[in-house]
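Undergrad: what follows is a predicted protein model with its sequence.
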Amino acid sequence: MVLIWDKLNLLKICIKKYNRKCNWFLFFDFDEYLEVHFEDNKPIMLQDFLKNNMFDKCESVLFNWLMYTDNDLIHYDNRALLERFTTLKYDNQANQYVKSIVRGGLNKIIFYPKKSNHVPDPNVISCDSTGRILTRYNPFSIRPPVFDYGFIKHFSTKTAEEYVEKTKRGDNGNLSYMIEDRIKLFFTHNKFSKEKLKLFEEKFNRSFSRIIGGLEKDNIE
């Protein structure tokens, strides 16, 4: 298996170079954690999981995200990621999104040109984490999410302080979005608090008070 950074151009280079040398390619970020198991809910090694005959016809396995909140932490501390963030948000709409594991040795186009690694080209036979072949699915998503045998633990925001740095970096270097929209997105994933809002206003040197009215009431402390 080969684990590399989530950049499509690098993935294509990796596939071209190692396609015949690897059984599977995993296309995840380093701060994402894949958990797999069967009916007994005991974690299993991924290599053993993929050997199950339910994946015999699959050329790609798509795993849904399972979003974690900020645990109401505001500042970074040096504890491990899985220690700091423990609160799951099963009703998060972002859980519909997926990332892929693709079988090595495929003699076909795996991804659309200029598209993401989240979902392979339709000519690749894809299935969900239960081995169910997906004959029709929307780009980048499986709805409703499938968590039965596996999911990707996804830490979209981490703390407010870390989210500031993520926002400043942009999305793969793209800074074309409105910062206000990014702050509103943070509060769709996490509970609102004045302390978090204050940190954002200090770090970005602007007021975000106008976005508070658009937040759901049950998301405000």
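TA: Happy to help now that I have it. Numbers count the residues shown, from 1 in each chain.

Undergrad: just checking, which helix or strand of the chain averages the lowest pLDDT?
TA: Ranked by mean pLDDT, DSSP states H and E, the weakest helix or strand in the chain is strand 2-3, scoring a mean of 48.

Undergrad: which strands and helices sit next to the helix or strand that it is followed by?
TA: Of the helices and strands lying after strand 2-3 in sequence (DSSP states H and E), the nearest is helix 8-18. Here helix 8-18 touches strand 24-26, going by 3 or more C-beta pairs under 8 Å, 6 or more residues apart in numbering; DSSP states H and E. Quick note: C-beta positions are derived from backbone N, CA and C, even for glycine.

Undergrad: run the chain-centre distance for the strand it packs on.
TA: How far strand 24-26 lies from its chain's middle: 16 Å, per C-alpha atoms, centre = their mean, to the nearest Å.

Undergrad: what about the helix or strand that comes right after that strand, average pLDDT?
TA: The helix or strand immediately downstream of strand 24-26 is strand 33-36, counting by DSSP H and E. For strand 33-36, the mean pLDDT works out to 94.

Undergrad: swap in stretch 127-145?
TA: The predicted model gives stretch 127-145 an average pLDDT of 84.

Undergrad: and if you look at stretch 200-213?
TA: 86.

Undergrad: over to stretch 168-187?
TA: On average, stretch 168-187 scores 78.

Undergrad: for it, measure first residue to last.
TA: 17 Å (C-alpha to C-alpha, to the nearest Å).

Undergrad: the domain parsing of this protein - what is it?
TA: Split into domains by automatic domain parsing, the chain comes to 2-154, 160-219.

Undergrad: comparing these, which comes out most buried?
TA: domain 2-154 (a mean of 16; mean count of other C-beta atoms under 10 Å).

Undergrad: and that domain, how far from the chain's centre?
TA: Distance of domain 2-154 from the chain centroid (C-alpha atoms, centre = their mean) equals 8 Å.

Undergrad: and the pLDDT for residue 25?
TA: Confidence score, pLDDT, at residue 25: 85.

Undergrad: could you verify my assumption that it touches residue 14?
TA: Yes - if you go by C-beta atoms under 8 Å, residue 25 and residue 14 touch, sitting 7.0 Å apart.

Undergrad: list the neighbouring strands of the longest strand anywhere in the chain plus their orientation.
TA: In the chain, with assignment by DSSP state E, the single longest strand is strand 60-67. Strand pairing for strand 60-67, using DSSP bridges, gives strand 98-103 (antiparallel), strand 126-127 (parallel), strand 150-154 (parallel).

Undergrad: mind checking these for the one nearest to residue 72?
TA: The minimum distance between residue 72 and these falls on strand 150-154, with 18.0 Å, by C-beta to C-beta.
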